[in-house]
Structures are given as C-alpha cells and as structure tokens.
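Student: Build the 3D model from these lines:
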Amino acid sequence: FTVRKALAATAIGALTIVPLAACSSDDASSTTDAATSSESSAMETTESTPEPAAEVADLSNGVDTAVALDTGFTDALTTLGLTPGTVGDAALTDGSLIFPITGGEVTYYEPGSIDGPYVQGEIMHDGSGLSLTAGETVVELTDFVIDPGTSELMGTATVNGEVAAEDAVIFDLDGSTLQPLQTEGDNAILQGTQVLISETAAGLLNDTFETDAVTPGLLVGTATITIATA
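Tutor: Below is the predicted model of the structure:
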C-alpha cells in the first residue's frame, strides 16, 4: 500500500480571540488589522485543505484485509521448505490470506487533492496473523497495523512462541497500483496495494530458518481492504 485507506476529518481553522481592553484608536486599528489578517490566514488554511472524499472514524465494525498471494512468494516458500498457515481469526482461502479488521480509523482524499498520502489513519487486525513453519520451527507474524501514511504494516513476530519483535515493520506497502475507492453497499473497498517483505522481516526469517534467500522487497501479494462504513 503507499498503502491508503478510507477515511477521517478536515483541519479546523484558527480562532482569534481579541482581548477586551481600553485602547487608543491607533491600537484599535492595529488590533483590527491583526484580526483581519488572522481571519484571512485561517480562511486560506481552510480553503487549502479539501474535504475528505470518505472517512470512517471507527473501524471496529470490520470487515477485512485480504492479500492475494503472489506465485513468486508461494514458490519461494516451497523452495525454502516453508509451509504457510494462519493464526487466530485469519483464514487462507482460494489463495488469499484474510485478516479481520478490528479497529482503527481512516480518511480518504481524492488522489492529487492534497500534498502527501491521500489515505491516512491506521487499520488494526488484532488476534490474527500468518505463520511459517519448517520442521519444528514456527514463526508467527500477528496483530497487524496498517499505516497508509507511512506505507508500512507493523506487527509482532514470535519464534516458537517467544517474542522476537514487537511493533516491527513486517511488510512494506506500495500503493502506486492502488485503484480508486470503490463502494459496495455499506462497505468501502481499496484494492491494488502491493505487500512486500520488509528488511526487518527478511532478516528475521533468514536468521530463523538459516538461509539468505528471503530478500527485502519480495512481493507477497496484492491487498484488498474492505471497510464497513456503517
């Protein structure tokens, strides 16, 4: 993803409070000019910040993030002798890993309407994750948090039940292929963000499984984020 996802509130213009005090006409004029200048500046700020195209302040109604696994990733797992699986509430269905959305908030602006990321917020997936197993060694990557603004997916990594990293960047997100926001009933859908193995995850997997074959930037798959808006 520059992963980017739907959706939260616009900036509030500054409020100028002019103190009540005795003053000369020159002081009053100066105060009036300052207030006018302040109001003008506030108006410019408000005008320069567009209304979001969509926003959801509470994502606790779900739905999920589905990652359609790339064949290059699954082939790499086979070559390394790693078996993918799911943790907690996650599912692996028809070649896609599915992680339920449990919370967060997101704001979506029309592409090109603002400087910087046009999807902002965070999307949480507590209680689910991905496992990779080789023999008696099991790596679990869980409790994902997507940050569209930084194009990162953070989470917790454990090796055989022992925490190896918390709040670590597990996947990098490339949103350059993200499609425009779609709606389907009460759901908003963001499709097309590419999910890539991060440098941190590559190092962890290589160290744990005693290989150097996992490379940062390896394409895991393409994400579809479906968010309940009501």
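Student: how far out from the middle of the chain is the longest strand along the chain?
Tutor: The residue-count maximum for a strand in the chain (DSSP state E) belongs to strand 119-134. Computed by CA atoms, centre = their mean, to the nearest Å, the chain-centroid distance of strand 119-134 equals 11 Å.
Student: can you tell me the average pLDDT over the helix or strand just after that strand?
Tutor: Where DSSP states H and E defines the elements, the next helix or strand beyond strand 119-134 is strand 137-147. For strand 137-147, mean pLDDT is 98.
Student: strands paired with the longest strand of the chain, and their directions?
Tutor: In the sheet, strand 119-134 lines up against strand 83-88 (antiparallel), strand 103-108 (antiparallel), strand 137-147 (antiparallel) (DSSP bridges).
Student: and it, what's its mean pLDDT?
Tutor: Strand 119-134 comes out with an average pLDDT of 97.
Student: In PDB, list the C-alpha atoms belonging to it.
Tutor: Provided in PDB are the C-alpha atoms of strand 119-134 (Å, rounded to 0.1, in the frame of the first residue of the first chain):
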ATOM      1  CA  VAL A 119      -5.100   7.700   2.500                       C
ATOM      2  CA  GLN A 120      -4.400   8.300   6.200                       C
ATOM      3  CA  GLY A 121      -5.000   6.700   9.600                       C
ATOM      4  CA  GLU A 122      -4.500   3.200  10.800                       C
ATOM      5  CA  ILE A 123      -6.200  -0.200  10.300                       C
ATOM      6  CA  MET A 124      -5.800  -2.800  13.100                       C
ATOM      7  CA  HIS A 125      -6.000  -6.500  12.800                       C
ATOM      8  CA  ASP A 126      -5.700  -7.800  16.400                       C
ATOM      9  CA  GLY A 127      -5.900 -11.600  17.100                       C
ATOM     10  CA  SER A 128      -4.900 -12.800  13.700                       C
ATOM     11  CA  GLY A 129      -1.800 -13.400  11.600                       C
ATOM     12  CA  LEU A 130       0.400 -15.500   9.300                       C
ATOM     13  CA  SER A 131       2.500 -18.500  10.300                       C
ATOM     14  CA  LEU A 132       5.500 -20.000   8.500                       C
ATOM     15  CA  THR A 133       6.700 -23.500   9.600                       C
ATOM     16  CA  ALA A 134       9.700 -25.600   8.800                       C
END
